[in-house]
Structures are given as C-alpha cells and as structure tokens.
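Engineer: Test case, fold it:
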Amino acid sequence: MTKNKKAPARTKAKEDNYLLSTKLFCGLCEAYMVGESGTNHTGKFHQYYKCVSAKKRKGCKKKTVRKEWIENIVVNETLAMLKDDAVCDYIVEAVMEVQGRENTSLPMLREQLVEIEKSIENMLNAIQAGIFTTSTKQRLDELEQTKSDIEVKILQEQIERPLLTEEFLLFTLHKFRDIDVTNQEQRQRLIDVFVNAIYLYDDKIGFAFNYKEGTKTVSLKEIEGSDLMRSSALTNLLCS
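Structural biologist: The predicted structure is shown next:
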C-alpha cells in the first residue's frame with residue numbers, strides 16, 4: 001500500500017486496458033460504467049467496472065463487476081455473433097449497399113467524362129468535315145485537358161475510396177472468428193469494430209452490435225452455463 005501511494009501513475013497506466021470503456025452502461029440507471037482499480041490489504045491488484053451514478057452516490061444500487069468477467073462475456077458473445085453465417089451475410093449486404101450509396105463524387109465524375117468525350121468526338125467530326133480554325137483547335141485542346149483532369153480525379157477517388165468486394169468482406173469477417181482471445185490488442189479491435197453498447201443488469205446483459213437489428217438480451221444464468229464461458233475460463237487458467 002505504501003508503494004502504491006508513492007506511484008499513483010501505476011493505476012492510471014492500467015486504465016488503457018479496459019476494453020469496454022465508453023461502451024458499457026448500467027442497466028439500472030443507464031449511466032456509464034467506468035474502469036476502476038485498486039489494491040487490497042494483501043497487496044493483490046484488482047480491476048473492475050463501476051456505475052458512475054453509484055460511484056457518485058446518486059442513488060443507483062448497481063454493484064461493481066470484475067473486469068475480466070464482463071470483458072470475457074462480451075468477447076465471447078461477439079465471436080458467437082460472428083460465427084453465424086446468416087449475420088455475416090447480412091452485414092456484407094448492408095456494407096455493399098452503403099458503399100454504393102455513399103460515394104456520390106465518382107458517379108458524377110464518370111458522367112462528366114462521358115459528356116467531355118462526346119464533345120471531343122463532335123469536335124473531331126467537325127474537323128474531318130473541314131471546319132478547322134484557331135478557335136476550333138483551342139477548344140479541342142481545352143476539352144482534352146478537361147478530360148485528362150477528370151480521369152486523374154477518378155483515379156484519385158478510386159485510390160482513396162477503394163470499392164470492397166463481397167468476397168473480401170466475408171474473408172475479413174471470417175478472419176475475426178480466429179482471433180487470439182488472449183491477445184489484448186486483438187480483443188480491443190474486435191470490440192471496437194462490432195460492439196456499439198452493452199447494458200449490464202443484475203440478471204441479464206443487453207448487447208447492441210454495430211449493425212441494424214443487431215441487438216440481443218441474454219440472461220446471466222444462460223451465459224455462465226455456456227460452452228463459450230467454460231472455454232474462456234479454461235483459457236484464463238492456462239494463461240495465468
């Protein structure tokens with residue numbers, strides 16, 4: 001305890017390891033649950049999440065929960081969601097739809113390119129018909145330069161916003177299924193990409209994933225008795 005008093009930064013350094021920061025909410029009052037840590041009288045370091053309202057004594061009775069316990073539940077439930085082929089297909093379909101809707105610059109540039117190419121073709125037809133003046137040559141050069149500029153802009157758009165294929169999206173989703181659940185960086189990436197919010201009650205947990213209709217509520221009894229949680233407990237034991 002004396003050592004910890006002299007090194008206050010130790011606790012602060014641990015805060016970055018809380019996977020569910022800004023995503024975990026109290027099911028009773030809907031306030032944030034924030035990471036807390038401390039050392040008991042035996043010198044053992046503990047990490048947990050605590051409701052902000054309960055912490056500030058604003059009437060909420062939600063108890064603290066162990067960091068490792070709730071984070072393992074969220075990681076396992078997220079992986080279970082990703083292992084559902086129907087969910088992955090739905091996500092891919094939604095991404096493809098949004099992707100086609102978001103980039104408005106590229107279709108507009110392609111339309112401009114078609115119009116410029118028509119103007120160039122008309123100008124060349126006029127030249128072949130014997131209509132060739134200084135103004136005609138100047139206009140043709142301007143059109144050729146505009147065409148070149150538009151083609152460059154189209155290439156820039158394609159580089160900055162590459163179109164993702166369905167195959168690539170499915171491959172990426174399936175790669176998440178094989179993450180190392182003991183690796184903190186991979187766990188954090190999984191949570192950041194797929195989890196929108198978690199609501200923790202005394203008897204259940206509400207999950208809101210990052211896709212439309214991606215919500216579910218699971219009882220704690222059901223979670224604790226699942227094969228995923230038993231596997232997670234074994235992994236923690238082997239790594240400790």
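
Engineer: Closest to the centroid, which residue in this protein?
Structural biologist: With distances taken as Cα atoms, centre = their mean, the residue of the chain nearest its centroid is V193 (2.3 Å).

Engineer: Work out for me the element that residue sits within.
Structural biologist: Using DSSP states H and E, V193 falls within helix 184-194.

Engineer: Distance from the chain centre to that helix, please.
Structural biologist: Distance of helix 184-194 from the chain centroid (Cα atoms, centre = their mean, to the nearest Å) equals 8 Å.

Engineer: How about stretch 206-216?
Structural biologist: 13 Å.

Engineer: Just the C-alphas of it, formatted as CSV.
Structural biologist: Extracted in CSV, the C-alpha atoms of stretch 206-216 (Å, rounded to 0.1, in the frame of the first residue of the first chain):
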residue,chain,number,x,y,z
GLY,A,206,-28.2,-6.4,-23.3
PHE,A,207,-26.0,-6.4,-26.4
ALA,A,208,-26.2,-3.8,-29.2
PHE,A,209,-23.9,-4.7,-32.1
ASN,A,210,-22.9,-2.4,-34.9
TYR,A,211,-25.4,-3.4,-37.5
LYS,A,212,-29.1,-2.8,-37.9
GLU,A,213,-31.3,-5.1,-35.7
GLY,A,214,-28.1,-6.4,-34.0
THR,A,215,-29.5,-6.5,-30.5
LYS,A,216,-30.0,-9.3,-28.1
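
Engineer: So which residues make contact with the helix or strand hosting L170?
Structural biologist: Assigned by DSSP H and E, L170 belongs to helix 166-176. By Cβ atoms under 8 Å, 6 or more residues apart in numbering, the residues outside helix 166-176 that reach it are L79, L82, C88, D89, I91, V92, V95, M96, L190, V193, F194. The C-beta positions use only the backbone N, C-alpha and C, and glycine is treated the same way.

Engineer: Now list the buried members of the residues you listed.
Structural biologist: For those, a burial check counting by 16 or more other Cβ atoms under 10 Å picks out L79, L82, C88, I91, V92, V95, L190, F194.

Engineer: before we move on, back to that, next SSE after the helix holding V193?
Structural biologist: Counting by DSSP H and E, what follows helix 184-194 is strand 195-200.

Engineer: could you check the angle helix 184-194 makes with that next one?
Structural biologist: 100 degrees (axes from the mean of the first three to the mean of the last three Cα atoms, to 10 degrees).

Engineer: What residues sit buried inside strand 195-200?
Structural biologist: V195, A197, I198, Y199, L200.
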